[in-house]
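S.K.: build me a model from this:
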Amino acid sequence: MSILIRKITFLCLTIILVISSLPRIYQAEAAETNHFPNPFKSKVDIRLLGTTDIHTNLSNYDYYQDKEVEDFGLAKTATLIKEARTEESNSFLFDNGDLIQGNPLGDYKAKINPIKPGELHPVFQAMKLLDYDAATVGNHEFNYGLSFLNETLNDAPFPYVNSNVYHVKKGKGKEKQYFQPYKIIKKIVRDERGFPHLLNIGVTGVVTPQITEWDRANLEGKVYTKDIVQSVKETIPKMKRAGADLVIVLAHSGMGTENYTEMDEDATYALTKVKGIDAIISGHNHKLFPGDFSDLPGVNEEKGTINGVPVVMPGNWGNHLGVIDLSLTTSFGHWKVNNVQSELRSVYNSESETNTIADPDILDAIQLSHEQTLEYVRQPVGNTTANIHSYFALIKDDPSIQIVTNAQKWYLEKQLAGTPEEGTPILSAGAPFKAGGRNGANYYTYIPEGTIAIKNVADLYLYPNTVAAIKVTGADIKEWLEMSAGQFNQILPGEEQTQPLINEQFPTYNFDVIDGVTYEIDVTEPAKYDTEGKLINENANRIKGLSYNGSPINLEQNFIVATNNYRASGQFPGVRNQQSVTMYPDENRQVIIDYILEQGTIDPTADNNWTFTSVLNTPNIQFESSIEAKDLLNENSPIQYIGPSNNGFGLYSITIE
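M.R.: Numbering: from 1, shown residues only. Below is the predicted model:
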């Protein structure tokens with residue numbers, strides 16, 4: 001009992017001592033503000049910094065074009081990070097995933113010279129210099145398989161969190177999450193008077209549930225996913241019980257809309273309605289917020305909030321830094337958010353003569369990997385008799401797709417020789433990976449006539465996909481192409497007002513061209529499917545004249561289509577009706593290299609197996625492409641250059657007749 005009395009006496013004396021000293025501490029402030037501040041309430045400003053979708057773009061270098069660039073690279077983002085920290089010392093830094101895959105450097109360290117146990121991946125060699133606090137995984141983290149991912153993350157210099165990926169159960173027992181579901185980051189922050197306070201930030205992460213479809217070959221039987229929103233709802237109370245003063249969500253998921261359904265790919269908007277979230281760092285779709293979603297209800301562009309929650313979506317490849325400022329008050333260990341402000345900071349401004357300088361420390365840290373990657377991608381594999389480009393890949397049949405589909409068919413013919421399927425007609429599907437859009441006016445393939453190197457093949461085929469063959473019917477081919485035709489807006493015949501041809505919400509990598517059949521796309525018809533493959537116009541019929549070997553296609557005939565594991569594992573209309581699927585171990589990119597090596601010299605000329613159905617008396621159909629494309633047009637081309645458009649694009653018109 002005497003011990004308890006002594007403790008109480010000591011506590012009382014301490015409180016008296018603190019209170020007696022307060023007038024001296026606050027004297028200056030009281031004189032300036034004409035009021036005596038609350039001695040038990042402090043104001044603390046903190047700053048959350050976020051990167052997303054780096055895709056191993058560590059330096060400001062385009063390995064496909066083999067040149068230095070100004071508009072992306074973590075080395076440039078690093079400069080913005082350091083500047084932002086000088087403005088606010090109470091700062092936290094997070095990464096939102098899609099980090100280890102996406103350019104030749106990533107492929108080199110995964111496939112050609114893979115990291116060894118205990119070796120630090122180049123991305124972490126760079127990021128450890130920036131003192132990241134935590135990160136989450138993106139869907140592309142799984143592209144190289146779980147073994148590589150585990151080896152890579154084992155040596156990460158900061159914690160990884162994710163709450164919606166689980167181990168597949170083996171026998172009875174409790175569900176086991178694959179990653180650490182959350183982390184409580186404990187950091188001393190200082191208030192406006194310089195006094196220290198302990199702030200506990202709870203951070204969790206989520207990834208698109210579709211990883212189990214997109215990377216089925218790597219993940220089937222090993223992991224499964226749960227809904228993003230429900231996973232976060234279940235994790236917030238756990239973080240609170242663990243002492244979290246604030247809750248931050250790293251959402252590797254696109255924005256989405258008001259109409260969220262369980263297991264949707266894009267869930268950020270839905271997360272802003274979840275109680276208990278103080279800030280969200282989003283990504284996945286390579287878009288910007290604040291910036292790209294002002295039409296959604298509840299968006300405050302000036303404050304950078306959605307439904308009152310501060311959100312940043314900082315683009316891709318390190319081209320933007322997300323900045324969230326939170327003004328807090330703390331009293332007796334309880335924290336309250338009083339004001340918020342979100343913004344994006346770009347590494348590049350086309351109208352400015354002074355752009356962000358790449359951080360030399362980051363460049364030094366990755367120099368060896370950078371040089372090794374350059375040596376690898378510069379190796380020649382063959383020659384091309386003509387230029388290969390993707391400037392008009394959405395407008396007409398295109399050489400950058402033709403070479404891919406030719407190589408895939410060549411490969412599949414070899415694989416099926418001597419098998420029961422040898423006589424089944426082989427088709428080949430390919431899509432333009434680099435066709436401008438959300439990745440900017442320079443995001444096109446261009447390979448000049450002459451030598452083709454590995455860097456050029458990587459430019460044609462960006463992803464480490466593997467070849468897949470699916471068996472479908474002629475009717476399935478029709479639905480597959482109807483889905484692809486969602487790339488275009490509906491055009492109104494006879495309308496004299498300007499009509500944009502391209503549906504900017506439709507990802508170009510879903511615009512599959514199927515070679516081996518011929519067809520027209522009638523853009524005066526409505527789209528049959530939305531961008532997610534959901535039926536929206538049952539009677540729509542954009543695909544006209546679908547033929548095989550010069551005759552209307554037999555809707556009941558079987559075909560084998562060469563594609564990739566991503567498409568074969570997904571739920572594309574037509575594809576999802578597959579009778580069988582065969583996954584091959586060879587990468588599509590390696591197949592293209594092998595094809596060129598065998599041919600020696602290739603003719604990439606497109607076979608024009610698809611065209612648009614005529615749209616008469618409609619003069620103002622327009623689209624955007626690279627300004628460089630204007631030099632490839634002739635005087636009588638149905639495509640004509642109009643002039644510069646927005647964000648560095650060129651504006652073109654097309655006559656469809």
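
S.K.: list the contacts for the spatially most central residue of the chain?
M.R.: Central residue of the chain (CA atoms, centre = their mean): His284, 3.3 Å from the mean position. Contacts for His284 (CB atoms under 8 Å, 6 or more residues apart in numbering) come out as 52-53, 97-98, 138-139, 208, 252-254, 265-266. Every C-beta, even on glycine, is put in place using the N, C-alpha and C of the backbone.

S.K.: how far away from the center of its chain is stretch 638-654?
M.R.: 26 Å (CA atoms, centre = their mean, to the nearest Å).

S.K.: start to end distance for that stretch?
M.R.: The straight-line separation of the ends of stretch 638-654 (CA to CA, to the nearest Å) is 5 Å.

S.K.: check stretch 528-547 too.
M.R.: 20 Å.

S.K.: show me the contacts for Tyr595.
M.R.: With contact set as CB under 8 Å, 6+ apart, Tyr595 has these partners: 406-407, 410-411, 602.

S.K.: should've said Tyr641
M.R.: Tyr641 touches 629-630, 633, 650-652, counting by CB under 8 Å, 6+ apart.

S.K.: could you pull out the helices for the stretch 351-500 of the chain?
M.R.: Along the stretch 351-500 of the chain, the stretches classed as helices by DSSP state H, counting those that start in this stretch are 360-365, 367-377, 399-416, 454-460, 474-484.

S.K.: let me have those in JSON lines, extended by distance to Lys434.
M.R.: Converted to JSON lines, the helices of the stretch 351-500 of the chain look like this (distance: least, CB to CB, whole Å):
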{"stretch": "helix 360-365", "distance to Lys434": "25"}
{"stretch": "helix 367-377", "distance to Lys434": "16"}
{"stretch": "helix 399-416", "distance to Lys434": "8"}
{"stretch": "helix 454-460", "distance to Lys434": "7"}
{"stretch": "helix 474-484", "distance to Lys434": "17"}
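
S.K.: got JSON lines for the ones you listed, with mean pLDDT and mean neighbour count too?
M.R.: Formatted as JSON lines, those follow (pLDDT from 0 to 100; neighbours: other CB atoms under 10 Å):
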{"stretch": "helix 360-365", "mean pLDDT": "98", "mean neighbour count": "17"}
{"stretch": "helix 367-377", "mean pLDDT": "97", "mean neighbour count": "17"}
{"stretch": "helix 399-416", "mean pLDDT": "96", "mean neighbour count": "22"}
{"stretch": "helix 454-460", "mean pLDDT": "94", "mean neighbour count": "23"}
{"stretch": "helix 474-484", "mean pLDDT": "98", "mean neighbour count": "22"}
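
S.K.: among those helices, which comes closest to Ile248?
M.R.: helix 360-365 (24.5 Å; CB to CB).

S.K.: ok, and what's touching the closest one?
M.R.: Residues from elsewhere that reach helix 360-365 (CB under 8 Å, 6+ apart): 58-59, 74-75, 78, 122, 125-126, 129-130, 370.

S.K.: among those residues, which lie within helices?
M.R.: Here DSSP state H is the test, and the contacts of helix 360-365 give 74-75, 78, 122, 125-126, 370 as lying in helices.

S.K.: give me the buried subset of the residues you listed.
M.R.: 74-75, 78, 122, 125-126, 370 (16 or more other CB atoms under 10 Å).

S.K.: and the two most separated of those?
M.R.: Ala78 and His370 (14.9 Å).

S.K.: just say helix, strand or coil for the closest residue to Thr257 other than its chain neighbours.
M.R.: Closest residue to Thr257 apart from its sequence neighbours, by CB to CB, 6 or more residues apart in numbering: Tyr269 at 6.2 Å. Recorded secondary structure, Tyr269: helix (DSSP: H, G, I helix; E, B strand; the rest coil).

S.K.: Gly254 is in contact with Tyr269, correct?
M.R.: No - in this structure Tyr269 lies outside contact range of Gly254 using CB atoms under 8 Å: 9.0 Å.

S.K.: so if I had to pick from these two, which one is more boxed in?
M.R.: Neighbours per residue (other CB atoms under 10 Å) separate Tyr269 from Gly254, with Tyr269 holding more: 27 against 20.

S.K.: if I look at that one, how far off is Val309?
M.R.: According to CB to CB, to the nearest Å, Tyr269 and Val309 sit 10 Å apart.

S.K.: what does Tyr108 give?
M.R.: Taking CB to CB, one finds Tyr108 at 39 Å from Val309.

S.K.: can you check Leu368 too?
M.R.: 42 Å.

S.K.: Ile521 too?
M.R.: Distance of Ile521 to Val309, computed by CB to CB: 41 Å.

S.K.: and what of Leu633?
M.R.: Counting by CB to CB, the gap from Leu633 to Val309 is 47 Å.

S.K.: tell me which of these two has more neighbours.
M.R.: Shown here are Leu633 and Val309; by other CB under 10 Å, Val309 has more neighbours (22 against 15).

S.K.: please name the nearest non-neighbouring residue to that one.
M.R.: Using CB to CB, 6+ apart and skipping the chain neighbours, the partner closest in space to Val309 is Thr272 (4.4 Å).

S.K.: surely the one you found touches Val311?
M.R.: Yes - between Thr272 and Val311 there is a contact under CB under 8 Å: 6.6 Å.

S.K.: lowest confidence element among the helices and strands of the protein?
M.R.: Across the helices and strands of the chain, mean confidence by mean pLDDT, DSSP states H and E is lowest for helix 2-33: a mean of 46.

S.K.: which residues are in contact with the very next helix or strand once past that one?
M.R.: Using DSSP states H and E, the helix or strand that follows helix 2-33 towards the C-terminus is strand 41-51. The contact list for strand 41-51 (CB under 8 Å, 6+ apart) reads 74, 77, 81, 84-85, 87-88, 90-96, 189-193, 195, 197, 199, 248, 250, 279, 281, 312, 314, 318, 321-331.

S.K.: change it to 6 Å
M.R.: For strand 41-51, contacts defined as CB atoms under 6 Å, 6 or more residues apart in numbering pick out 77, 81, 84, 88, 90-95, 189, 191-192, 279, 281, 312, 314, 322, 324-331.

S.K.: any of these buried? List them.
M.R.: In these, burial by neighbour count holds for 77, 81, 84, 90-95, 189, 191, 279, 281, 312, 314, 322, 324-326, 328, 330, counting by 16+ other CB under 10 Å.

S.K.: out of those, which are inside strands?
M.R.: Per DSSP state E, strands hold the following members of the buried ones among the contacts of strand 41-51: 91-95, 189, 279, 281, 312, 314, 322, 324-326, 328, 330.

S.K.: and which of those residues is nearest to Glu422?
M.R.: Asp95 (48.4 Å).

S.K.: one step back: could I get the contacts of helix 360-365 as a markdown table with distance to Asn259?
M.R.: Below are the contacts of helix 360-365 laid out as a markdown table (distance: CB to CB, whole Å):
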| residue | distance to Asn259 |
| --- | --- |
| Leu58 | 38 |
| Ser59 | 41 |
| Leu74 | 35 |
| Ala75 | 40 |
| Ala78 | 39 |
| Pro122 | 41 |
| Gln125 | 43 |
| Ala126 | 39 |
| Leu129 | 43 |
| Leu130 | 38 |
| His370 | 44 |
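
S.K.: mind picking the two most distant members of those residues?
M.R.: Spatial extent of the contacts of helix 360-365 (CB to CB) is set by the pair Leu130 and His370 at 17.5 Å.
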